[in-house]
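# Curious how this folds, go ahead:
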Amino acid sequence: MFSGIIEEIGIVEQINTSKNLSTLKVRAKKAIKGVKPGASIAVDGTCLTVTGIRNNVFTFDVMRESLLRTTLGSLKIKAKVNLERALVVNGRIDGHFVTGHVDAIGVIKDKVTETNYTDLRIGLTKDLARHIVPKGSVCLDGVSLTVGEVKKSYFSVYLIPFTKKETTLGSKKKGDKVNIETDILAKYIVNKN
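Numbers count the residues shown, from 1 in each chain. Below you'll find the model as predicted:
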């Protein structure tokens, strides 16, 4: 379980691909502290198990399902990824509850940038639409955000300067893909029957 509050931006150092599996190596500084093999780390919002740690580099095995259903399958060497360690429930919980189970890959339909204001407009499918509500929570590439506008073909999230600087969302542009995890509470409410 995660909060969607990104601890740092990691750098992809190596990707080894084999049948039905990729091994991903990501350099980190902050998010590596106190982590041991077997721990969960959210990489661009996708919950992965740490299989090794050496010289400030995480190793993850990424299975076929994750490669197909998230943006991890299209990562390249030197790509930047958002990193968050699993929650430790002994204090405040910022953001919202995030499972690290990506619901869909979204496409940025537009990016509106003004002084101290960025509006990312993410394409909205019928399946996602039932879990996206104005002022509700959504997680994009592991970042906990509040939904702004919801239109027929897209929903908006607004980035403050801090989020643009401290996550990979600030460098995203029109046409880029993002991992989307809808709010777990919305899923339970909609699917309670």
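# When you work out contacts or count neighbours from here on, use the C-alpha atoms and nothing else.
OK.
# Now do the contacts for the residue nearest to Ala79 when sequence neighbours are not counted.
In space, and not counting its chain neighbours, Ala79 is closest to Val12: 5.3 Å by CA to CA, 6 or more residues apart in numbering. Taking CA atoms under 8 Å, 6 or more residues apart in numbering, we find Val12 in contact with Leu24, Lys25, Val26, Arg27, Leu75, Lys76, Ile77, Lys78, Ala79, Lys80, Val81.
# Kindly provide the distance from Val12 to Lys177.
From Val12 across to Lys177, the span is 17 Å (CA to CA, to the nearest Å).
# quick one, helices of this structure?
For the chain, helices defined by DSSP state H occupy the ranges 64-69, 126-129, 161-166, 184-190.
# Can you name the residues bridging to Gly123?
Beta bridges link Gly123 to Tyr154, judged by DSSP bridges.
# I figured it hits Lys111, correct?
No - counting by CA atoms under 8 Å, Gly123 does not reach Lys111; the two are 11.6 Å apart.
# These two: who's more crowded?
Gly123 (21 against 17; other CA atoms under 10 Å).
# List the residues that contact the more buried one.
Contacts of Gly123 by CA under 8 Å, 6+ apart are Gly106, Val107, Ile108, Lys109, Ser153, Tyr154, Phe155.
# Just the buried ones from the residues you listed?
The neighbour-count criterion (16 or more other CA atoms under 10 Å) marks Gly106, Val107, Ile108, Lys109, Tyr154, Phe155 among these as buried.
# confidence score at Asn193?
On the pLDDT scale, Asn193 is placed at 56.
# next one: Lys126
The model's pLDDT for Lys126 equals 88.
# how near is it to Lys151?
Going from Lys126 to Lys151 by CA to CA gives 11 Å.
# do Ala86 as well
33 Å.
# Among these two, which residue is more densely surrounded?
Legend: neighbour count by other CA under 10 Å for Ala86 and Lys151, higher for Ala86 (20 against 14).
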